[in-house]
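Asks: Sequence and computational prediction follow.
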Amino acid sequence: MQMTLKHTTAGLTILVSLLFFSCDFKKSDSSTTQTKSAKQRVSTPVFNSDSAYHYIETQVNFGPRVPNTAEHAACADYLAGELKRFGAEVIVQEADLVAFDNTVLKAKNIIGQFNLENPKRILLCAHWDTRPFADYDKDPEKRNSPIDGANDGASGVGVLLEIARQINISKPSIGIDIIFFDAEDYGQPAHIDLQEQKEDTWALGSQYWGKNPHTPDYRAKYGILLDMVGAPDAYFYYEQHSMTYQPDLVRHIWDIAHEIGFGYHFKHDMGGWITDDHVYVTNLRNFPCIDIIQYNPDSQLGFGDYWHTHDDSMKNINKNTLNAVGQTVLEVIYREV
Ligand code: AHN
Ligand code: ZN
């Protein structure tokens, strides 16, 4: 008992001193930046993880957001409404997309544009749909029902809605586009037999947008995709496609995370090759988009054990992780002048 107590006290002391250290660091850093470019640099807002958590919970409360369901339609209206409330110019891009099993998905990519007058832009994105099956659930009877997708889906969107709210309060110098991609998670299950393996069955919404951008010839300086950014003790590694697109950008973002005190979550180490929305954004639109995605080198599938199971519920969401990702992305965009 006593050992545990001592241990905890020591841990707390280290935590408190780290907090002070990172505050000091931030202060001196922003004042240096201000003297260099006093006109343009807007100081970075403080990310509110309670707020992000609320946006995730609201999405989950609609029920699974599987295309062609009433829950999906209701959530689309909510997401577009929130972006409008935060001052974005909103476009809802609708498309009929054919899934691996030939289901026609009534898909909606939800796009919020900020600082439209600025031609220099950064794209922030996440998928908002949820997987129609729980193919990796340990209970075979539950594998055919759709998941809550609290982390896989709602977390990235929740973090980006909080970023949108902050952008509305204090405008960054650069233009920002936020896209919630649909139909990312309707991909062909890996272990269905008697069925030929099809290509490009994941990320249908971003594939459509990549070929039909909301603005002709749309380009950003770079993009950041958030996927599964809310689980407790999540680690983010260098995703391998992202490293082939722009390794300096990946290192820059990870360096900022370390500098502002979130090195615990951002590992300066190689992760997996993950087929996700950023691959289609990069290849179809010709600018680098990198993926911040939870990676678990010890697990067979590469993600958390909750992945594509019914354990991906609100119990799988942690505010410290949301804060680490949200504050890092805010810092990255407010440093752009
Ligand atoms: C595959 O593993 C095929 N896709 C990873 C992207 C993904 C699925 N993200 C969330 N769900
Ligand atoms: Zn998924």
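Replies: Yep, that arrived. Ligands and ions are numbered 1, 2, ... in the order given.
Asks: From now on I want contacts and neighbour counts done on CA atoms only, so please keep to that.
Replies: Fine.
Asks: Show me the strands in the stretch 1-150 of the chain, by range?
Replies: According to DSSP state E, counting those that start in this stretch, the stretch 1-150 of the chain carries its strands in the segments 89-98, 104-114, 121-127.
Asks: is the last one anywhere near ligand 1?
Replies: No - with Cα under 6 Å from any ligand atom as the threshold, strand 121-127 lies outside contact range of ligand 1, at a closest distance of 8.0 Å.
Asks: so what strands line up beside that strand?
Replies: The strands that strand 121-127 pairs with in its sheet are strand 175-181 (parallel), strand 222-227 (parallel) (by DSSP bridges).
Asks: next one: the first one to chain centre, how far?
Replies: Read it as strand 175-181. Strand 175-181 has its average C-alpha position 11 Å from the chain's average C-alpha position, going by Cα atoms, centre = their mean, to the nearest Å.
Asks: hmm, it touching ligand 1?
Replies: No - figure legend: strand 175-181 not in contact with ligand 1 (Cα under 6 Å from any ligand atom); closest approach 11.6 Å.
Asks: contacts for that strand?
Replies: Residues from elsewhere that reach strand 175-181 (Cα atoms under 8 Å, 6 or more residues apart in numbering): 108-129, 157, 160, 205-206, 277.
Asks: hmm, 7 Å instead?
Replies: Outside strand 175-181, the residues that touch it by Cα atoms under 7 Å, 6 or more residues apart in numbering are 109-116, 118-128, 157, 205-206.
Asks: Likewise for stretch 135-150?
Replies: Counting by Cα under 7 Å, 6+ apart, stretch 135-150 makes contact with 56, 60, 63-64, 130-134, 308-310, 312-314, all of which sit outside it.
Asks: Select from those residues the one having the most neighbours.
Replies: T130 (28 neighbours; other Cα atoms under 10 Å).
Asks: That residue contacts G153, doesn't it?
Replies: Yes - taking Cα atoms under 7 Å as the definition, T130 is a contact partner of G153 at 6.0 Å.
Asks: quick revisit: would you mind finding the most buried of the strands of the stretch 1-150 of the chain?
Replies: Using mean count of other Cα atoms under 10 Å, the stretch among those with the largest mean neighbour count is strand 121-127, at a mean of 25.
Asks: what angle do it and strand 104-114 make?
Replies: Relative orientation of strand 121-127 and strand 104-114, computed by axes from the mean of the first three to the mean of the last three Cα atoms, to 10 degrees: 140 degrees.
Asks: Ignoring the adjacent residues along the chain, who's closest to the closest residue to ligand 1 within the stretch 201-337 of the chain?
Replies: In the stretch 201-337 of the chain, the residue that lies nearest ligand 1 is D276 (4.6 Å; Cα to the nearest ligand atom). In space, and not counting its chain neighbours, D276 is closest to A203: 6.3 Å by Cα to Cα, 6 or more residues apart in numbering.
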